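Student: I would like to see how this sequence folds:
(2 chains)
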Protein chains: 2
Amino acid sequence: MTRSRVIIENVQPQVESGLYPAKRTVKELVTFKAHIFTDGHDHIRAEVLYRKKQEKKWLKQSLTHKQNDEWETSLFIPEKGLYEFQIHAWIDHFETWYDGFIKKANAKVDVSVELLEGAIFLKKLSTDKKIVKLANQLEDKTKFAENVAWIQSKEFEEIVVNHPDKQFQTESNIYSLQIEEHRANFTTWYELFPRSASLNGKHGTLRDVEKLLPRIASMGFDVLYMPPVHPIGKINRKGKNNNVRSVSGEPGSPWAIGSDEGGHKAIHPDLGTLDDYKNLIKKANEHGIDIALDLAFQCAPDHPYVKEHPEWFKQRPDGSIQYAENPPKKYQDIYPFDYECESWQELWEELKSVVFFWIDCGVKVFRVDNPHTKPIPFWQWVIAETNKKYEDVIFLSEAFTRPKIMASLAKVGFTQGYTYFTWRVTKAELMQYMNELVHTSSRDYFRPNFWPTTPDILPYHLHYQGENMFIIRLALAATLSSNYGIYGPAYELLDNTPWNGKEEFNDSEKYEVKHYDWKKTNRITDIMTILNKTRKSNLALQSTWNIEFLNIENPNLLAFYKKSDDNSNRVLVVINLDQHNKQAGYLQLSSDLKNTQKGINVKLKDVMTGENYTWTQEWNYVELDPNRMPFHLFEVSIHESNL
Amino acid sequence: MTRSRVIIENVQPQVESGLYPAKRTVKELVTFKAHIFTDGHDHIRAEVLYRKKQEKKWLKQSLTHKQNDEWETSLFIPEKGLYEFQIHAWIDHFETWYDGFIKKANAKVDVSVELLEGAIFLKKLSTDKKIVKLANQLEDKTKFAENVAWIQSKEFEEIVVNHPDKQFQTESNIYSLQIEEHRANFTTWYELFPRSASLNGKHGTLRDVEKLLPRIASMGFDVLYMPPVHPIGKINRKGKNNNVRSVSGEPGSPWAIGSDEGGHKAIHPDLGTLDDYKNLIKKANEHGIDIALDLAFQCAPDHPYVKEHPEWFKQRPDGSIQYAENPPKKYQDIYPFDYECESWQELWEELKSVVFFWIDCGVKVFRVDNPHTKPIPFWQWVIAETNKKYEDVIFLSEAFTRPKIMASLAKVGFTQGYTYFTWRVTKAELMQYMNELVHTSSRDYFRPNFWPTTPDILPYHLHYQGENMFIIRLALAATLSSNYGIYGPAYELLDNTPWNGKEEFNDSEKYEVKHYDWKKTNRITDIMTILNKTRKSNLALQSTWNIEFLNIENPNLLAFYKKSDDNSNRVLVVINLDQHNKQAGYLQLSSDLKNTQKGINVKLKDVMTGENYTWTQEWNYVELDPNRMPFHLFEVSIHESNL
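Tutor: Alright, predicted model coming up:
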């Protein structure tokens, strides 16, 4: 039994009924929504209350009714942290009365009793002497006309707004909201194998990587991700092209971590020392670049853990340790941890100490290898522990797996995730996938990071393809998604040769040292440089959530518009998905760019070619010759007179 | 920190994260669903546990994986009551091992260590002497071939199934489920005004209604709903066609309840006595009919409550009582209760006592007038209180209002609700609306009741229309929805005249006594009789949730198929929505009627015409002449040889 007549349902943003926090960043407009309704015709008022967890004071903002009992309000939360929020709603009898009074007065209905009711509301809702005096005046029948005029005044309307009548307020559940730094939403990744970083044909080192920093920074990247830098297992080491046997001198896969030279807290001697690594981090930071460490929580058979902590692995009845398998296949070069073992808590603590060790060395970004093969509750715990102690640590989930598992990893705390973008090629596929990321509940927890290729994946549509296709995929990744990454040298140098017809690279860098011409620039590096520079100078490209696809009547042309949440910046992108042929079509402008009074007057500057356009019509002709430039990237402004 | 690696999400059925019970009936198949997944490749097993609330013992049934980490199972719950259920899921290491063993054995991989592992599992999961003995045998290397064969046997598979390895089981939240009697889902309503029940031109009485029972029963109705039977207010009584003033002798609206002759627990003297009412209930029950009482919780100005309990109404500063209003409009014939008043608990208790009073008189069905103008928490409380004390009471919500409020009333406990069917006319509208009712979350709480007209609503599409249109709307209501109702005499006699161009009846029965020829039968009553008889004898028509729309390439023809949850009964309906012209088209059979091996051999009997058909093709020609019969209602059977 309750006299609180207002119902609040479907509070947003929320993830799994509030089990996990929804995610936003300091530069995102946070929109709070709820379904709010009651019986009858009484007026409802509603507000959102929010505060950082552990703080006392709630901040408040009123919700407004949009349509169909759906209420909302939007605001920026400029300070990072874990927040909680709640929706309050109540029947405001004072406002109900006020609205009725205005309608009756306008209809010339007798309102003398209503004036007395107004006096009662004022006295109930305020002890302010001035207001009480005004209330008494309402009771004075000799001042009827004056009183009616006063209630119809702007001043009285403000009194109503400022005196909410919350007697039987309904309060929603409390939900949580993680506000993160802007770059949780905006990173530009470059991947290289440090052993291939040498400029002189030798096994590369961390010091060689240091020499590449100016190049990587000048191309506009801000995260440099290197596969594991730890000692590589010598037992059952893999050879070229994933051969189960290696020949002497082969370097092995960096993901087979651990040998007599050390484990997850050591640096591979061929790459250098821990000091070299710390120094690289420092130098990279000077270039505005973070070094991302690969967290690959598994062991080669000769990893020190195997000897020191056999209890952390599954032991078989014959005394051997259980290698990885997918029956009947065996992966004898990898021992997975047994996260359920008797001494699981010690194991988990040790793995946490690996994360903390590298953070203490200066690492702020982790690319997590195959997190979907380790327990989801483990990630939930280790990421929460990290966030308790450190600020602004980014975890990128490399989970190319089933949708619900990718989603779950994001919910429990991963900052970003690799995506199916790698396999979305046609206009319809790309639009459908973006809509799934942006316009479903996914938007509240899963931050996509788009990669055209990775060392593991050379997708079919790039097999033996030319420069145009690589540029198209690059432009898509860099403009659709605010987080994207490039498996660098192989991409720049157009490595398009698959292994055995599969979606893998021939002579994959995973199993051998490569020697690149690190001084070379070409059309791809030039375009990459402009793209990344444009991303940095256009806030609209620093969000994935603001995409609006535009009508363009050509299935080869993908067009979209992005506007920053603060309305300060606009871009418009048109990409020709056909790498061979010129494609043209008429594009319909976003309604955001139309001024209903003054018409259309939009200025566009193509940052790729430097060309300028003025559009004054709703539908506009565009034409893209892939051999010239497969896409337009327009900075958009509305002509002053139309603002 | 937890070693329970399985994640359970999106458990179904659930309403608002479990805040309200989901609704099913004893004849419905209950499908439990959840998203269940874990890291890696280990095997998951899952089960649903359910029990009546307050009972100790859980019943269990295994869930099976369907696709994309979605698990489900279906079962009948034949006993009414409020249930709770929970999903359990766990990584079954024994089954994982077993599956790997089979694959390895098939691939001729050495499994000698695996045999020892099998022994460990058996000993861990069972203390049964026989099983321990078998486990020991697995360790016997001399019996290698025998042991491998045994693990590959059916017997061993059963051991695996019967020994779940639940060590780190995950348990979902507990959700609730209301299992109601079948007729919560299957009622056929007939509405009449008892004051119009006279056979001899006088003011009708409850005894006159008694005389109509054989007619109503013979037409196949099982609920007889009469508007309020209480004394009607004399102050500010409404006249003919909702005139704000009545002339002497006018009977007033039955919804203006209460006068010096009594209130909500009294019978209008012109209708008879309380004993007459009890007697009518008894007689009706003998005909298989329940009498539905109209709960209209509001008062005429001369209702006894107004004098005895002025504190239950809003009192204005001038001492008057607040009438209903929608400013600047006033409704001075109605005083709403103030559900928020100081003595609200006494008021609510009194209203509850009204419900209990009539139940004690034999009423089991309530049609609730405008529940959306009374607090939703009040209904939640009063319905829950009723369910605590009485079984099988049906509450039909007459809330023709905004979608979220209709939904909320259903969630808090109303058994059935009036719907927008009254205004859904075209094929596209009807299909969209049915999909909304059946294929959204609505299905778990909102049971629709379809009414072509009510005393309040003569929809535009029936204004001045002929018999065919009335028959089409009747057939739609009776076959789309398992609950439907007819505002009887006006419908039978084709009352199609609106008042003032509005969706209201001219000379509405709400404000005057009517005199019908209660002995007349016609094409509409004949069709109604067959429809209701067919509904009774075909379980498939006793559900709304089993609808499958069929392809038929004519926008005037609506075709659908319904199969009972127990697979025992099938019907196929084709309705010509064009009242004037013959329409024809090819209809595609449901895939449920195709036997992939044996092809198609379906027998159809049209219960409206008695004609029989055999269809052996996927696409079949149908033709409907509305002047002969605007719809087919086929009882469908599959020829024995094709079963």
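
Student: tell me how far stretch A:3-12 is from the chain's mean position?
Tutor: 30 Å (C-alpha atoms, centre = their mean, to the nearest Å).

Student: and the end-to-end length of that stretch?
Tutor: 25 Å (C-alpha to C-alpha, to the nearest Å).

Student: so what touches that stretch?
Tutor: Residues outside stretch A:3-12 that contact it (C-beta atoms under 8 Å, 6 or more residues apart in numbering or on different chains) are A:22, A:31-39, A:42, A:44, A:46, A:87, A:89-91, A:168-173, A:175, A:444, B:16, B:339-340, B:344, B:375-377, B:404, B:408. Using the backbone N, CA and C atoms, a C-beta is placed for each residue, glycine as well.

Student: where's the nearest residue to A:Pro327 once chain neighbours are set aside, which helix or strand?
Tutor: Counting by C-beta to C-beta, 6 or more residues apart in numbering or on different chains, B:Gly100 is the residue found nearest to A:Pro327 once chain neighbours are left out, at 3.8 Å. Assessed by DSSP states H and E, B:Gly100 sits inside helix B:93-106.

Student: likewise for A:His65?
Tutor: strand A:59-67.

Student: thinking again about what came up before, the residue nearest to A:Pro327 contacts A:Lys329, correct?
Tutor: No - with contact defined as C-beta atoms under 8 Å, B:Gly100 does not reach A:Lys329; the gap is 10.4 Å.

Student: more crowded one of these two?
Tutor: B:Gly100 (20 against 11; other C-beta atoms under 10 Å in any protein chain shown).

Student: quick one, what contacts that one?
Tutor: B:Gly100 neighbours (C-beta under 8 Å, 6+ apart): A:Glu325, A:Pro327, A:Pro328, B:Glu114.

Student: now the following helix or strand past the strand holding A:His65: mean pLDDT?
Tutor: Next along the chain after strand A:59-67, taking DSSP H and E as the criterion, comes strand A:70-76. What strand A:70-76 shows for mean pLDDT is 98.

Student: got the CA coordinates for strand A:70-76 in CSV?
Tutor: The C-alpha trace of strand A:70-76 is given here as CSV (Å, rounded to 0.1, in the frame of the first residue of the first chain):
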residue,chain,number,x,y,z
GLU,A,70,8.9,9.0,-22.2
TRP,A,71,10.9,11.6,-20.2
GLU,A,72,14.5,12.6,-20.6
THR,A,73,17.2,15.1,-20.0
SER,A,74,20.8,15.5,-21.1
LEU,A,75,23.9,16.9,-19.5
PHE,A,76,27.7,16.7,-19.5
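
Student: so which residue is smack in the middle of chain A?
Tutor: A:Arg447 (2.9 Å; C-alpha atoms, centre = their mean).

Student: pretty sure that one is touching A:Gly413, no?
Tutor: No - using C-beta under 8 Å, A:Arg447 is not in contact with A:Gly413, being 11.5 Å away.

Student: what's the overlap in contacts for these two?
Tutor: What both A:Arg447 and A:Gly413 touch, as defined by C-beta under 8 Å, 6+ apart, is an empty set.

Student: for chain B, see how far away A:Gly599 is.
Tutor: 36 Å (C-beta to the nearest C-beta, to the nearest Å).

Student: tell me what that residue is bridged to.
Tutor: With DSSP bridges as the criterion, A:Gly599 is bridged to A:Asn595.

Student: and it, what pLDDT?
Tutor: We note a pLDDT of 87 for A:Gly599 in this prediction.

Student: equivalent analysis for A:Leu643, please.
Tutor: 63.

Student: so where do the strands sit in the stretch 251-400 of chain A?
Tutor: A:290-295, A:298-299, A:324-326, A:329-331, A:335-336, A:365-369, A:394-398 (DSSP state E, counting those that start in this stretch).

Student: okay if I get the ones you listed as CSV plus distance to chain B and mean pLDDT?
Tutor: Formatted as CSV, those follow (distance: least, C-beta to the nearest C-beta, whole Å; pLDDT from 0 to 100):
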stretch, distance to chain B, mean pLDDT
strand A:290-295, 15, 98
strand A:298-299, 11, 96
strand A:324-326, 6, 88
strand A:329-331, 8, 86
strand A:335-336, 8, 96
strand A:365-369, 12, 98
strand A:394-398, 12, 98
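
Student: can you tell me which of these comes nearest to B:Asp260?
Tutor: For B:Asp260, the closest of the strands of the stretch 251-400 of chain A is strand A:394-398, at 75.4 Å, according to C-beta to C-beta.

Student: right, and A:Leu462 touches A:Arg473 too?
Tutor: Yes - here A:Leu462 lies in contact with A:Arg473, judged by C-beta under 8 Å, at a distance of 7.0 Å.

Student: next, show the common contact partners of those two.
Tutor: Listed as contacting both A:Leu462 and A:Arg473 by C-beta under 8 Å, 6+ apart are A:Pro452.

Student: neighbour-wise, which of these two wins?
Tutor: Neighbours per residue (other C-beta under 10 Å) separate A:Leu462 from A:Arg473, with A:Arg473 holding more: 27 against 23.
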